[in-house]
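A.B. asks: 3D model of this:
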Amino acid sequence: MNINIAFNTIIYIMVFLFPGILFRRAFFSGDFKSSFESGNTFERLLWNMLSSILMLVSFCLSIYFFNIISPYKIKFDIQVTDITDTFVCIYENKLPTIFISETRIIQTIELLFSIYTFSVLLGYFLNRIIFYLGLEKRFSVFQFQNSWQYLTNSNKQNNIHHSIKDIYYTKVDIKTSSNELFTGKLHLISYDKESKIEAITLQDAYKFYKLTFDKDLEKINEIKAAINDIDPHLILHSETANNFIFRKRIKGDLFTIFNNDLENISITYIKISNFYQKFQKGLRIGLSITILLLTVFSIAYSIWDFHIFRFSNYYKRLAFCIFTPLIFIFLLLTLISIFNNKLLKNNRKTYLNQIKDSLIILLMFSIPYLYIFDILKFSYTIFALILYVILCGKYISKQTNK
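C.D. replies: Numbers count the residues shown, from 1 in each chain. I've put the predicted structure just below:
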């Protein structure tokens, strides 16, 4: 009896809770991931259950309309009667009939996996659609709880000079409770579970210092001399008859100020580039890569067509035509990195890191050749690829932590 109760509870959770959790986790992603955990436990449970019901209804309707419109049919071996019988068994505290055989269990797992996948994809798709169309800025119903993300990103509502062709970054000036003033490029705002600011992280952060000519004349002269010598860590802010104010760079890549130290925040949007220029540059690069891929693919296809290499089956021929252009691209990038003498002279460490990264990617895309040229079986090749990725991940993480 107790085993049946526990088992039936698990079924309820898998059907009426997991789809909603997966949907909301995918929907509240990116900058708004803290909204997923907002509210108390009871509220989150209700939202997850409601989302699960919506996902089940949406999944059934999607399959129904897809089968009507498309010539291809999606069918599951589990019928409606099986599902109703299952819930009757759960109500009567009996073992559901769909778990009486291994085949039925596999069919149930396939159905649940399809529902979970649909929930994740729908949540992510709705998130992207809302942001891409800017619906969260036009309609309050689509706005997430965290309003700071709207304030710290330039748009037409909070920046009258903003245009679709412009790209801005956000600069913030922060005054702390101890009357210290900091400025820098906004890197990240951390939030707690209630979407309140926990900390603000700045990039290229500077601290303001105020000196008086009466008391700090000698120090002011030293700072002026350093500024005249083009010290990158010192910037003159303003100078009056009595006061001298300058900014000093804070050491480190990122600087964090916690919420209990915040008093005032000033936000400035600074234009850094033009959308059309970036689009034209991206278009040129995309066309160049496309032409190069088509050229190499044609060469690979000619190797296939003229039987320069003998392949044991069609899939190996196809894999050869797909991976050869990719390997050629990464080989070209590796050669460019190797002959980058300017970077070698200016920054030897970055030069070596670029070559190392290019070789790692080149080797990864070369592993399928072990299967294509009958050196290893397909399963061994997949295992070698997974092992290589794991080892590279550990190596990169060690390099990052150094």
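
A.B. asks: please count neighbours and contacts with C-alpha atoms only from this point.
C.D. replies: Fine.

A.B. asks: what does residue 70 show for phi and psi?
C.D. replies: Main-chain torsions, residue 70, degrees, to the nearest 10: phi -90, psi 150.

A.B. asks: tell me how many other residues surround it.
C.D. replies: By the measure other C-alpha atoms under 10 Å, the count of residues near residue 70 is 9.

A.B. asks: where exactly do the strands run in the protein?
C.D. replies: 166-176, 181-191, 197-212, 234-239, 243-249, 254-258, 262-274 (DSSP state E).

A.B. asks: in CSV: those strands, plus mean neighbour count, distance to residue 108 and mean pLDDT.
C.D. replies: Shown next, in CSV, are the strands of the chain (neighbours: other C-alpha atoms under 10 Å; distance: least, C-alpha to C-alpha, whole Å; pLDDT from 0 to 100):
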stretch, mean neighbour count, distance to residue 108, mean pLDDT
strand 166-176, 18, 49, 83
strand 181-191, 20, 39, 85
strand 197-212, 18, 43, 88
strand 234-239, 15, 66, 86
strand 243-249, 18, 60, 89
strand 254-258, 16, 49, 88
strand 262-274, 14, 52, 80
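
A.B. asks: now the ones you listed in CSV, with distance to residue 110?
C.D. replies: CSV is the format used below for those (distance: least, C-alpha to C-alpha, whole Å):
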stretch, distance to residue 110
strand 166-176, 45
strand 181-191, 37
strand 197-212, 42
strand 234-239, 63
strand 243-249, 57
strand 254-258, 46
strand 262-274, 48
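
A.B. asks: specify the stretch among those strands that is closest to residue 16.
C.D. replies: strand 181-191 (29.1 Å; C-alpha to C-alpha).

A.B. asks: which elements pack onto that closest one?
C.D. replies: strand 166-176, strand 197-212 (3 or more C-alpha pairs under 8 Å, 6 or more residues apart in numbering; DSSP states H and E).

A.B. asks: want to throw those strands into TSV with distance to residue 262?
C.D. replies: Converted to TSV, the helices and strands packed on strand 181-191 look like this (distance: least, C-alpha to C-alpha, whole Å):
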stretch	distance to residue 262
strand 166-176	5
strand 197-212	9
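
A.B. asks: what's the closest of those to residue 41?
C.D. replies: strand 197-212 (20.8 Å).

A.B. asks: quick check: angle from the closest one to strand 254-258?
C.D. replies: Angle, strand 197-212 to strand 254-258, by axes from the mean of the first three to the mean of the last three C-alpha atoms, to 10 degrees: 100 degrees.

A.B. asks: list the contacts of the residue lying closest to residue 159 once chain neighbours are set aside.
C.D. replies: The shortest distance from residue 159 to any non-neighbouring residue, by C-alpha to C-alpha, 6 or more residues apart in numbering, is to residue 269 (7.6 Å). Residues counted as contacts of residue 269 (C-alpha atoms under 8 Å, 6 or more residues apart in numbering) are 153, 154, 159, 168, 169, 170, 171.

A.B. asks: which two in these are spaced the farthest apart?
C.D. replies: Of all pairs in the contacts of residue 269, the most separated under C-alpha to C-alpha is 159 and 171 at 13.2 Å.

A.B. asks: pull the number of nearby residues for residue 391.
C.D. replies: Residue 391, neighbours per other C-alpha under 10 Å, totals 12.

A.B. asks: equivalent analysis for residue 317, please.
C.D. replies: 20.

A.B. asks: wait, it sits on residue 372?
C.D. replies: Yes - using C-alpha atoms under 8 Å, residue 317 is in contact with residue 372, at 7.4 Å.

A.B. asks: residues that sit against both of those two, list them.
C.D. replies: residue 311.

A.B. asks: list the beta-bridge partners for residue 183.
C.D. replies: residue 173, residue 206 (DSSP bridges).

A.B. asks: now it: how far from residue 203?
C.D. replies: 9 Å (C-alpha to C-alpha, to the nearest Å).

A.B. asks: find residues that contact each of those two.
C.D. replies: Contacts common to residue 183 and residue 203, judged by C-alpha under 8 Å, 6+ apart, are absent.

A.B. asks: dump the residue contacts of the nearest residue to residue 127 once chain neighbours are set aside.
C.D. replies: Leaving aside its sequence neighbours, residue 127 sits nearest to residue 27 (C-alpha to C-alpha, 6+ apart; 5.2 Å). Residues counted as contacts of residue 27 (C-alpha under 8 Å, 6+ apart) are 120, 123, 124, 125, 126, 127.

A.B. asks: burial measure for the fifth one, as a count.
C.D. replies: For residue 126, the tally of surrounding residues (other C-alpha under 10 Å) stands at 14.

A.B. asks: ignoring the adjacent residues along the chain, who's closest to it?
C.D. replies: Closest to residue 126 by C-alpha to C-alpha, 6+ apart is residue 27, at 6.8 Å.

A.B. asks: repeat for the fourth one
C.D. replies: Ranked by C-alpha to C-alpha, 6+ apart and with sequence neighbours excluded, the top spatial neighbour of residue 125 is residue 27, at 7.9 Å.

A.B. asks: quick check: that neighbour vs residue 63, distance?
C.D. replies: 21 Å.

A.B. asks: quick check: can you list the domain ranges of this structure?
C.D. replies: Per automatic domain parsing, the domain ranges recorded for the chain read 2-142, 148-274, 309-401.

A.B. asks: the ones you listed: which one's closest to residue 291?
C.D. replies: domain 309-401 (10.8 Å).

A.B. asks: give me every residue that touches residue 56.
C.D. replies: Here residue 56 is in contact with 19, 115 (C-alpha under 8 Å, 6+ apart).

A.B. asks: pull the number of nearby residues for residue 287.
C.D. replies: If we define neighbours as other C-alpha under 10 Å, then residue 287 has 12 of them.

A.B. asks: I meant residue 352, not that one.
C.D. replies: 15.

A.B. asks: with residue 347 instead?
C.D. replies: 11.

A.B. asks: low pLDDT regions in the stretch 301-402 of the chain?
C.D. replies: Where the stretch 301-402 of the chain drops to pLDDT under 70, the residues are 301-309, 397, 399-402.
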